[in-house]
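Asker: requesting a structural model of the entry that follows:
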Amino acid sequence: MALRNRVTPTGEIVAVESRGTMMGNRGGCLHDDERRIVRTHRSKAWLICLLEFKGRRRRVMQPGLYTELFFLDEATALAAGHRPCFECRRGDAVAFARALTGVDRPRAGDVDAALHPYRLPLGPGRPTWTAAAGDLPDGTFVRRDGGAWLVAEGRLRPWSFDGYGPVETLPDGSLDVLTPKPTVHALRAGYRVTSREL
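Answerer: Sure thing, here's the model as predicted:
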């Protein structure tokens, strides 16, 4: 039976079989002793981590330890409100933080404080903001036709836990954006997101 530890672009934590290409957490233990999710987050430090780092191995969702969450890719995690980890992804974390804050020596806490107001509520009812389709950088997620779509190379791809669907032309006009505004600012400023499609 699948654990409830996969994250959608709207930040919802659900149970599905596929694991994805990135791991992360939300500042600590979100699960009980039966490995059931009992809270959405513990702090403002919502991280995107590597699946493997320095050979570390452990059983997922151990009692009392941080809750491992899994994402299809980094673009999905960024849309959910996470940011690169300063331990296992230091170079990416610094690049993201600089692009987001414009500060040469950014602090993780400043990035978390900028992102946190855009993370909640989670799930399908999560608020969006509007932007012109042509102004959205690669790696941005939008809500369209009731689902999450990735902007990639001037086109749209529908998201699923197993990957992306067929390419569609980026429409004219405005779109409802799921990715937090500060993150879109970082993408516009040059942060290169890793994705199955980019």
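Asker: ok, the residue lying closest to residue 67 once chain neighbours are set aside to residue 50 distance?
Answerer: Distance criterion CB to CB, 6 or more residues apart in numbering; nearest residue to residue 67, sequence neighbours excluded, is residue 30 at 4.0 Å. No exception for glycine: its C-beta is placed from N, CA and C like everyone else's. With distances taken as CB to CB, to the nearest Å, residue 30 is found 20 Å from residue 50.
Asker: ok so, going back, ok, now which ones touch the residue nearest to residue 67?
Answerer: Taking CB atoms under 8 Å, 6 or more residues apart in numbering, we find residue 30 in contact with 13, 37, 38, 39, 40, 41, 42, 67.
Asker: run the last query once more with 7 Å
Answerer: For residue 30, the contact set (CB atoms under 7 Å, 6 or more residues apart in numbering) comprises 37, 38, 39, 41, 42, 67.
Asker: do residue 84 as well
Answerer: Contacts for residue 84 (CB under 7 Å, 6+ apart) come out as 48, 92, 93, 96.
Asker: for it, give me phi and psi.
Answerer: phi -60, psi 150 (degrees, to the nearest 10).
Asker: got it, and residue 187?
Answerer: Dihedral angles for residue 187 - degrees, to the nearest 10 - are phi -70, psi -40.
Asker: show the model's pLDDT score for the residue nearest to residue 67.
Answerer: As predicted, residue 30 sits at a pLDDT of 92.
Asker: what about it, distance to residue 112?
Answerer: 16 Å.
Asker: which one (most neighbours) among the contacts of residue 30?
Answerer: residue 67 (25 neighbours; other CB atoms under 10 Å).
Asker: which element is that residue on?
Answerer: Here residue 67 is covered by no helix or strand, with elements defined by DSSP states H and E.
Asker: so it makes contact with residue 31?
Answerer: Yes: under the criterion of CB atoms under 7 Å, residue 67 makes contact with residue 31 at 5.0 Å.
Asker: quick one: common contacting residues for the two?
Answerer: Joint contacts of residue 67 and residue 31 (CB under 7 Å, 6+ apart) are residue 61.
Asker: surely residue 75 is in a strand?
Answerer: No: counting by DSSP: H, G, I helix; E, B strand; the rest coil, residue 75 is located in no strand; its state is helix.
Asker: that one and residue 59, how far apart?
Answerer: 28 Å.
Asker: which of those two has more neighbours?
Answerer: The residue with more neighbours, out of residue 75 and residue 59, is residue 75; 31 against 9, by other CB under 10 Å.
Asker: nearest to residue 171 among the contacts of residue 30?
Answerer: For the contacts of residue 30, the minimum distance to residue 171 (CB to CB) is 33.4 Å, reached by residue 41.
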